[in-house]
Structure formats: structure tokens, C-alpha cells
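**Q** quick one, fold the following:
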Amino acid sequence: MPLFENSFAISSACALEQQNPNAGYDIVNDLDGVLEEFDRVIGLKRLKAIHINDSLNERGSHKDRHARIGEGKIGLPAFERIVRHPHLQGLPFILETPNDEEGWAKEIEMLRRASQDQ
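**A** Residues are numbered from 1 along each chain as shown. Below you'll find the predicted structure:
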């Protein structure tokens, strides 16, 4: 099945980072390929925000089980590439992790640092 074949977009889109790998899309090893396919099918110009969370499940599990950033199967290095990717610069990232306010603050700081480190 082509990537994003059954995706829904009207005037904007929001990529669910954690759900893409659960559906079988390899954002860990082929983020560029996933974004190229998204651009071909939906259009990156329609991408308005990124939902971001790690996953408790392996790629292709078809289960939506959130994990804290860096504590799941996606892993911190993939999130570092995501927050630094040139096609995703300037987009808001919406944190969707099972955490408390202190934990979210730590994750936000970690992602901010990662976006600035080159």
C-alpha cells in the first residue's frame, strides 16, 4: 500500500509521528523517504503541525501506544533528526506523551536542545 494512500487532508495536515511507524512507515531509518511520499501524496505545504511521541510498539504493529520521548521504539536519535529536518522547521510540535508537567518540561527542553545542536 502506498504511503499515506488512505490519509485524510482538506486544507491542512498534521503528521502523527508515532502513528506513522506503528502503521509501518520507517521514520527511524528513512525519514526523508517518508516525507517525500507525504509531499507527493498530500503536499508538505499542507503540513501544519507535528504530533510527537515515542512508541511502545515495534514498527508495523498497528497499535497506538505512546511512550515518552527517547524511551520507546523510535528512540531519541530519530527525534533529533525529526526536529532538525529542514522540511519541518518552523512547524509547531505537539507533545503527546504519557507524562506529568515536570516530565513534559524535561522533554520540551530536550527537544529544544536537540533542535539547536548540529
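**Q** can you give me the neighbour number for residue 86?
**A** When counting by other C-beta atoms under 10 Å, one arrives at 7 neighbours for residue 86. Any C-beta I mention is one placed from the backbone N, CA and C, and that applies to glycine too.
**Q** do the same with residue 105
**A** Applying other C-beta under 10 Å, we find 11 residues neighbouring residue 105.
**Q** likewise for residue 90?
**A** With neighbours defined by other C-beta under 10 Å, the count for residue 90 comes to 6.
**Q** show me what contacts it?
**A** Residues counted as contacts of residue 90 (C-beta atoms under 8 Å, 6 or more residues apart in numbering): none.
**Q** that one: which element?
**A** Assigned by DSSP states H and E, residue 90 falls within no helix or strand.
**Q** what's the answer for residue 49, then?
**A** Counting by DSSP H and E, residue 49 is found in strand 47-52.
**Q** partner strands of that strand and their direction?
**A** Partner strands and pairing direction for strand 47-52 (DSSP bridges) are strand 13-16 (parallel), strand 93-95 (parallel).
**Q** mean pLDDT lowest for which of those?
**A** Set side by side, the strands paired with strand 47-52 show their lowest mean pLDDT on strand 13-16, which sits at a mean of 51.
**Q** skip ahead from the strand holding residue 49 and say which helix or strand is next.
**A** Sequence-wise, the next helix or strand beyond strand 47-52 is strand 54-55, with elements assigned using DSSP H and E.
**Q** for that following strand, packing partners?
**A** Applying 3 or more C-beta pairs under 8 Å, 6 or more residues apart in numbering; DSSP states H and E, one finds that strand 54-55 makes contact with strand 66-67.
**Q** rewinding a little: now the strand holding residue 49, how far from the centre of its chain.
**A** Centre-to-centre, strand 47-52 and its host chain are 7 Å apart (C-alpha atoms, centre = their mean, to the nearest Å).
**Q** cheers, nothing more for now.
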